[in-house]
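A.B. asks: Coordinates for the following, if possible.
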Amino acid sequence: QNTRVVAQACERLSNFAIDVDNDPSDKSSECEWVWATFDQLSGRQVYEIIALREKVFVVEQNCVYLDCDGKDPSCWHLSLWIHGSNGQHIIAGCMRVLPAGLRFAELSIGRVVVAPEHRKKGYGKLLMQEALKRIRDNFGNVPVRVSAQCYLKRFYMELGFNPDSEEYLEDEIPHIEMIRPV
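C.D. replies: As a prediction, this is how the structure comes out:
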């Protein structure tokens, strides 16, 4: 029964791909990165990050859950901003880096999201590559864990992550733990 529920949910979520098949190498010139602790983020940046996460995780994926889980103040946040046609910076994607011991024994990445209007452009891969670089630069060569939505397993494997659990439901969405070893 649980396996069938997981399979049905994976099929439903397959429409929400991050950027699995695109090469991001030509995107770096149009991007601006913000790497900051929660307290270093501006009010506008926090608003845009939370709004994007709610837009995708709550509304698009039809998953009612409490996004503000008390962990953000202890995390580093990486957000990707692109230049809009009116000269303003628009958030294209974001994630948080959780210190070891906050959710998992290892340092972990969570809340990885690319705005629907910016998918299939390589931003998801670019976001993950930048996060792994920032982790290495700030925390050294450490293992990194993710609780990945199952439909993104191949995406994370291409970034060096290996499955490290059975599939499970988290907020009624199929997930799998994955680890990127040292």
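A.B. asks: show me where pLDDT drops low in the protein?
C.D. replies: 1-29 (pLDDT under 70).
A.B. asks: Please enumerate the strands of it.
C.D. replies: 31-37, 76-83, 89-98, 107-114, 144-149, 162-163, 168-170, 173-180 (DSSP state E).
A.B. asks: Near residue 138, how many residues? Count them for me, please.
C.D. replies: 12 (other CB atoms under 10 Å). The C-beta positions use only the backbone N, C-alpha and C, and glycine is treated the same way.
A.B. asks: could the strands of the chain be laid out in CSV, adding distance to residue 51 and mean neighbour count?
C.D. replies: Formatted as CSV, those follow (distance: least, CB to CB, whole Å; neighbours: other CB atoms under 10 Å):
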stretch, distance to residue 51, mean neighbour count
strand 31-37, 15, 15
strand 76-83, 12, 20
strand 89-98, 8, 22
strand 107-114, 11, 23
strand 144-149, 20, 22
strand 162-163, 32, 13
strand 168-170, 22, 13
strand 173-180, 20, 21
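A.B. asks: Of all those, which one is nearest residue 55?
C.D. replies: When those are compared by CB to CB, strand 107-114 sits nearest residue 55, at 8.5 Å.
A.B. asks: now what about the closest one, what contacts it?
C.D. replies: With CB atoms under 8 Å, 6 or more residues apart in numbering as the test, strand 107-114 has contacts from 18-19, 52-53, 56-57, 67, 71, 92-100, 102-103, 123-124, 127-128, 131, 135, 139, 142-147.
A.B. asks: repeat that for 6 Å
C.D. replies: Residues from elsewhere that reach strand 107-114 (CB atoms under 6 Å, 6 or more residues apart in numbering): 18, 52-53, 56, 93, 95-98, 100, 123-124, 131, 142, 144-146.
A.B. asks: What segments of this structure are helices?
C.D. replies: Along the chain, counting by DSSP state H, helices occupy 2-13, 43-53, 123-139, 153-157.
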